[in-house]
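Q: the sequence and its predicted three-dimensional model are supplied below.
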Amino acid sequence: MSIAAPRRGDGRPGALWAVPALLYFALFAVVPMALVVGLSFTAWNGLGSPHWAGARNWTRLLHDPQLAQSLRLSALLTAVTWAVQTLICLPLGVWCAGHQRSRAVLSTLFFVPLLMSSAAVALLFAALLDPNFGLAHTVGPWLGVPDGNLIGDPHRALWTVTAVITWQFVPFHTLLYQAAARQVPVQLYEAATIDGADRWRQFRSVTLPQLRNTVVTSSVLILVGSLTYFDIVLILTDGGPGTSTRILPLHMYLTGFSSFDMGYASVLAVLLLLAGTTLSLLVVRVTGFRRMASQREGLS
Amino acid sequence: MKRALTAAVTPGGSRRATRRAARGTTRSAVTAVSAALVLAATATACGSGGPGGSGSGGGRVTVWSLQDTALNPVQKDSISAYNAAAKGPRVSMQTFVNDPYKQKLQTALGSPNAPDVFLNWGGGNLSTYVSSGDVADLSADLDAAFRARFLPSVLAGGTVGGKVYGVPMEGVQPVALFSNKDVLARAGIAAPPASWQDLLDDVDAMKAAGVTPIALAGSQAWTELMWMEYLLDRVGGPQVFANIQAGRPGAWDDPAVATALTMIRTLVDRGAFGTNYGSVGQDSGGADALLAKGRAGMELMGSWEYAGQLATAPDFVQQGRLGWSAFPTVPNGKGDPKDVVGNPSNFFSVTAKSGERAAAVDFITRTVAAPSYVKDLISIGQVPAIAGIEEQLRTGPNAGYTTFVYGLVQQAPSFTQSWDQALDPATAQTLLTNLQKVFNKQSSPGQFVSAMDAA
């Protein structure tokens, strides 16, 4: 096909190649985003037609008593999930990258949660967290909670949710680190060994720098992803007890689909959109990821 | 209570199962798309009005109902019988999954795609449709003899401003106090509590016997709401909530509200619900299991509890260990001790724009109280809202229980609809959140009242 033919000279495919992706992106991302911005200026309960409301929804943002708590909870969840998952996934991924058979078997087991949908994970944990008949009954006392009241306690609910989210996403990020660790050229380790570096030193001076871009990728995914976590929270706690786990995306969802206040929910959606974009740009810029500098200059 | 939206008590607990399945699908579907996307996508989907309605007029009566594996075959039989006998337009039924139905209905009612007859939940839900002028006033069409065939407290659920807009088409679902007779006996309690003081004494006795006195699924606030609904009615009478529902200024400030909340706090502080109720779920069966396995003595739940227990713990029910009773009385309460709360019934209404209004009314009046339909409802485990069927229930399956439920509703001077159904969605949300905070000791009764005043 002539369309697919590479252009003269630069050896790169033509712009037409991007059309399917662009169309898809426009239809399912750009158009809905524009609609959400439009909806944020209307009053609409999901029925009939939206009515123009001017900036009323936006001024309400300043007086929403729930917003501060939701922002705080979202920030906390983001920070904690990032820290915990990176601390677990990086070493685990590097360990899994080893070619020993025992590691291969265990790695396969670690990836099981990756095969389950969020809804399935949440429903599974909802059963496990039952304080009388679930795992919480056994595990609770070990954690200093004799009555197993983990998910239903206002002070413990967010931590419990964080643990479930971590359980779900650790395999994915471990997989990223495993793949990246296997890409590290073996010559680097050989050279380090010749230089007398022990294993810890090799990890610090070879593995970590080589994983730099993977750390950025994984962090962007975790940070931006945590802004849209809500399925697990929705099913596990529905934002409760009270409002103890009503993170920003859930605040948006409940406002839109339980209170049927689509206008204000759209304001919150725009807020999330801005936060996500800003965060992702910030991480990419701060880490110098955009420069796409190679970590392996000079290696063949 | 959310449960209200699904059909009715069906044998084998299919009500709870469908409910849970519906929930699961909705949620997994939601997760497939990013949150912001969902908002916008729904916006466009709803804006287009939605296809599927076959439209009114044209010599056909369209009936919209909910998907319900037990009820739908009964409805189909009833419709075929009607079509075979009637000379007018033919009736056809379309059924919808519970959760999206409410939304579809509200979008369609004002559009040319509206059905002729539609299922609704009566009360506050129906009155929003009535106030937007979408529902036909059936007062003139339904004569006194027809109205007298229904239990008055249930028919009231289809009445808005003194005019009849909805006719009960299903079983009744009052909330009652369920108990484990073994546990009560072990704690030295002879009978379920008849008064508030009895309840407090029983709580102490069961605590001393080492069981959780009352099973409560505190992770789902609508189960906690049942306590509030009954206590407020017993303390202040049905008018207090009627004022709240009507949006009267200061309605939440009625002293009865604070009194009822204080009584809830008394129960909580006394350890009536144990300590870990916040983690217990209703959809997951956590609270029901506590009762069935003898780890708790009592549970306040909708009348579907019986069918649910029959499905999950058949021995518990069949060996006669499941007990049931009316909600206790309250000293110096203004409410009639015979008042009930819950879900009066589901209703059939006719759309204001229906082109086949006469035929639609004819269909309703000839089917929903017909002896064969009532018999079929009883056979699938429902307790129809029809007057004078005690004898029929007594000879039917699970007679001891169905006659209790029937008597509860039949003698009730007032049947208050579940608040989360009766109030507008935004207020209901605020209510559930704030009530949960009271149960979790995060809010005082005073804080609850000011939060609801501000809502």
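A: Happy to help now that I have it.
Q: which stretches of chain B form strands?
A: Counting by DSSP state E, chain B has strands at residues B:60-66, B:90-96, B:117-120, B:159-160, B:163-164, B:167-168, B:173-180, B:212-214, B:296-302, B:322-325, B:340-343, B:347-350, B:415-417.
Q: neighbours of the residue in chain A positioned nearest to chain B, how many?
A: As assessed by Cβ to the nearest Cβ, chain B sits closest to A:Gly152 within chain A, at 2.4 Å. C-betas here are computed from N, CA, C, even on glycine. Neighbourhood size, A:Gly152 [other Cβ atoms under 10 Å in any protein chain shown]: 30.
Q: isn't it right up against A:Asn132?
A: No. Using Cβ atoms under 8 Å, A:Gly152 makes no contact with A:Asn132, being 11.4 Å away.
Q: what do the two both touch?
A: Both A:Gly152 and A:Asn132 are contacted by B:Asn276, B:Val280, under the criterion Cβ atoms under 8 Å, 6 or more residues apart in numbering or on different chains.
Q: how much space separates B:Gly286 from chain A?
A: The gap separating B:Gly286 from chain A is 5 Å, by Cβ to the nearest Cβ, to the nearest Å.
Q: so what's the closest residue in space to that residue that isn't next to it in sequence up against?
A: Nearest in space to B:Gly286, with sequence neighbours left out and distances taken as Cβ to Cβ, 6 or more residues apart in numbering or on different chains, is B:Val280 at 4.2 Å. By Cβ under 8 Å, 6+ apart, the residues touching B:Val280 are A:Asp130, A:Pro131, A:Asn132, A:Gly152, B:Ala215, B:Leu216, B:Ala217, B:Gly218, B:Ser219, B:Gly286, B:Ala287, B:Leu290.
Q: change it to 7 Å
A: Neighbour list for B:Val280: A:Asp130, A:Pro131, A:Asn132, B:Leu216, B:Ala217, B:Gly218, B:Ser219, B:Gly286, B:Ala287 [criterion: Cβ atoms under 7 Å, 6 or more residues apart in numbering or on different chains].
Q: distance of the fourth one relative to chain A?
A: Right, the one you point to is B:Leu216. Distance from B:Leu216 to chain A, counting by Cβ to the nearest Cβ: 10 Å.
Q: buried residues in the longest helix along chain A?
A: Using DSSP state H to define each element, chain A has its longest helix at helix A:65-96. Judged by neighbour count (16 or more other Cβ atoms under 10 Å in any protein chain shown), helix A:65-96 contains these buried residues: A:66-67, A:69-70, A:73-74, A:77-78, A:80-82, A:84-86, A:89-90, A:92-96.
Q: now swap in stretch A:22-33 and tell me
A: Going by neighbour count (16+ other Cβ under 10 Å), the buried part of stretch A:22-33 is A:Pro32, A:Met33.
Q: with stretch A:259-275 instead?
A: By neighbour count with 16+ other Cβ under 10 Å, stretch A:259-275 contains the buried residues A:259-273, A:275.
Q: check those and tell me the two furthest apart.
A: A:Phe260 and A:Ala275 (24.0 Å; Cβ to Cβ).
Q: for the stretch 1-150 of chain A, which residues are neighbours of chain B?
A: By the rule Cβ under 7 Å from any Cβ of the partner chain, the part of the stretch 1-150 of chain A lying against chain B is A:28, A:32-33, A:35-36, A:39, A:46-48, A:117-119, A:123, A:126-127, A:129-133, A:136, A:147-150.
Q: in the stretch 151-300 of chain B, what residue comes closest to chain A?
A: For the stretch 151-300 of chain B, Cβ to the nearest Cβ, closest residue to chain A: B:Gly278, 2.4 Å.
Q: swap in the stretch 51-200 of chain B?
A: As assessed by Cβ to the nearest Cβ, chain A sits closest to B:Gln106 within the stretch 51-200 of chain B, at 3.9 Å.
Q: related to what we said a few turns ago, let me know the closest of the buried residues of stretch A:259-275 to B:Thr329.
A: Using Cβ to Cβ, A:Ser259 comes nearest to B:Thr329 of those, at 35.5 Å.
Q: just give me the neighbour total for the nearest residue to the closest one once chain neighbours are set aside.
A: Among residues not flanking A:Ser259 along the chain, B:Ala426 sits closest, at 3.9 Å (Cβ to Cβ, 6+ apart). Using other Cβ under 10 Å, B:Ala426 has 17 other residues around it.
Q: ditto for A:Ala192
A: Neighbours of A:Ala192 under the rule other Cβ under 10 Å: 18.
Q: coming back round to it: same for the longest helix of chain A, what does it pack against?
A: Secondary-structure packing of helix A:65-96 (3 or more Cβ pairs under 7 Å, 6 or more residues apart in numbering or on different chains; DSSP states H and E): helix A:101-110, helix A:157-183, helix A:212-228, helix A:248-257.
Q: just name the most buried of the ones you listed.
A: Of all the helices and strands packed on helix A:65-96, helix A:248-257 carries the top mean neighbour count, a mean of 25, counting by mean count of other Cβ atoms under 10 Å in any protein chain shown.
Q: mind giving me the domain split of chain B?
A: Per automatic domain parsing, the domain ranges recorded for chain B read B:15-172+B:344-417, B:175-341+B:424-454.
Q: quick one: mean pLDDT over the first one.
A: Translated: domain B:15-172+B:344-417. Regarding domain B:15-172+B:344-417, the rounded mean pLDDT is 81.
Q: poorly predicted segments of the stretch 51-200 of chain A, please.
A: Along the stretch 51-200 of chain A, the model assigns pLDDT under 70 to no residue.
Q: write out the residues of the stretch 201-300 of chain A neighbouring chain B.
A: With the criterion set to Cβ under 7 Å from any Cβ, the stretch 201-300 of chain A comes near chain B through A:228, A:230-231, A:234-235, A:237, A:240-243, A:249, A:252-254, A:256, A:258-262, A:265-266, A:269, A:272-273.
Q: what distance do you get for the residue of chain A closest to chain B to B:Phe273?
A: Computed as Cβ to Cβ, to the nearest Å, the A:Gly152 to B:Phe273 distance reads 11 Å.
Q: anything in contact with each of the two?
A: Counting by Cβ under 7 Å, 6+ apart, the contacts common to A:Gly152 and B:Phe273 are B:Gly218.
Q: contacting residues around stretch A:137-152?
A: Taking Cβ under 7 Å, 6+ apart as the rule, stretch A:137-152 contacts A:129, A:131, A:136, A:156-157, A:160, A:236-237, A:241, B:218-219, B:275-279.
Q: which members of the contacts of B:Val280 are the farthest-apart pair?
A: The widest separation within those (Cβ to Cβ) is 13.3 Å, between A:Asp130 and B:Leu216.
Q: quick one: which of the two has more around it?
A: Each of A:Asp130 and B:Leu216 has its neighbours counted (other Cβ under 10 Å); B:Leu216 has more, 30 against 26.
Q: for A:Val267, see how far away the more buried one is.
A: Taking Cβ to Cβ, one finds B:Leu216 at 36 Å from A:Val267.
Q: touching, B:Ile364 and B:Phe347? I think so.
A: No. The criterion here is Cβ atoms under 7 Å, and B:Ile364 misses it with B:Phe347 at 9.7 Å.
Q: which one of these two has more residues nearby?
A: Neighbour totals were compared for B:Ile364 and B:Phe347, and B:Phe347 leads with 28 against 25 (other Cβ under 10 Å).
Q: that one against B:Asn120, yeah?
A: Yes. B:Phe347 lies in contact with B:Asn120 (Cβ under 7 Å); the separation is 5.5 Å.
Q: tell me, what's touching these two both at once?
A: With Cβ under 7 Å, 6+ apart as the test, B:Phe347 and B:Asn120 both reach B:Leu126, B:Gly166.
Q: nearest residue to the middle of chain A?
A: A:Gly225 (2.5 Å; Cα atoms, centre = their mean).
Q: from B:Leu408, how far off is the residue of chain B most remote from its centre?
A: Taking Cα atoms, centre = their mean as the measure, the residue most remote from the mean C-alpha position of chain B is B:Lys87, 36.0 Å away. Note on B:Lys87: its distance to B:Leu408, by Cβ to Cβ, is 41 Å.
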